[in-house]
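>>> 3D model of this:
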Amino acid sequence: TLGAEQLKLIIVAPGERIPSCAAGRYLVSNDGTCPEDLPAYIDDSGTSMAAPHVSGAIAAFLSIRREFILQPEEVKRIFMQSATTLNRERYFEGSGLLDLMRAIQSV
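Numbering: from 1, shown residues only. Coordinates of the predicted model:
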């Protein structure tokens, strides 16, 4: 088993096939054309897609629970304790799936 000092993953958030703006790219329609005047969105995956979910959840939490502003370790503890387990190895899920409503209701 991994020691606490070796555990890198703290919490998981949606990060697979997330629709996102695509700078410098364009959607390709079924007929293969690329209308340049339309906004471009793509599905992307990875930590770059999961990180905004975590940041947004923390911002929403702090907008309601203002007493935790400037208390990052306490916010981290709250989110870790309120995460939903996925019943996987800890190195794969950390504390579990981010759960904003549970975090808000836990304090």
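>>> could you list every helix and strand in contact with the helix ranked longest in the chain?
Counting by DSSP state H, the longest helix found in the chain is helix 47-64. Applying 3 or more Cβ pairs under 8 Å, 6 or more residues apart in numbering; DSSP states H and E, one finds that helix 47-64 contacts helix 72-82, helix 100-105. To be clear about C-beta, it is placed using only N, CA and C from the backbone, and glycine gets the same treatment.
>>> which residues sit against the first one?
In this structure, residues lying in contact with helix 72-82 by Cβ atoms under 8 Å, 6 or more residues apart in numbering are 10-11, 57-58, 61-62, 68, 94-95, 98-99, 102-103, 105-107.
>>> run the angle between the longest helix of the chain and helix 72-82 for me.
110 degrees (axes from the mean of the first three to the mean of the last three Cα atoms, to 10 degrees).
>>> give the buried residues for helix 47-64.
Using 16 or more other Cβ atoms under 10 Å as the test for burial, helix 47-64 gives 49-50, 53-54, 57-58, 61.
>>> swap in stretch 76-92?
Buried-residue list, stretch 76-92, by 16+ other Cβ under 10 Å: 78-79, 82-83.
>>> ok so, going back, so which of the helices and strands packed on helix 47-64 is nearest residue 43?
helix 100-105 (22.7 Å; Cβ to Cβ).
>>> need the CA coordinates for whatever helix or strand residue 91 lives in. CSV is fine.
Assigned by DSSP states H and E, residue 91 belongs to helix 90-93. Extracted C-alpha coordinates of helix 90-93, given in CSV (Å, rounded to 0.1, in the frame of the first residue of the first chain):
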residue,chain,number,x,y,z
ARG,A,90,-7.0,4.9,-3.1
TYR,A,91,-4.2,5.7,-5.5
PHE,A,92,-6.8,5.7,-8.3
GLU,A,93,-9.5,7.8,-6.6
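>>> quick one on the thing from earlier: contact partners of the longest helix of the chain?
11-16, 18, 20, 68-69, 75, 78-79, 98, 100, 103-104.
>>> now the buried members of the residues you listed.
By 16+ other Cβ under 10 Å, the contacts of helix 47-64 give 11-13, 15, 18, 75, 78-79, 98, 100, 103 as buried.
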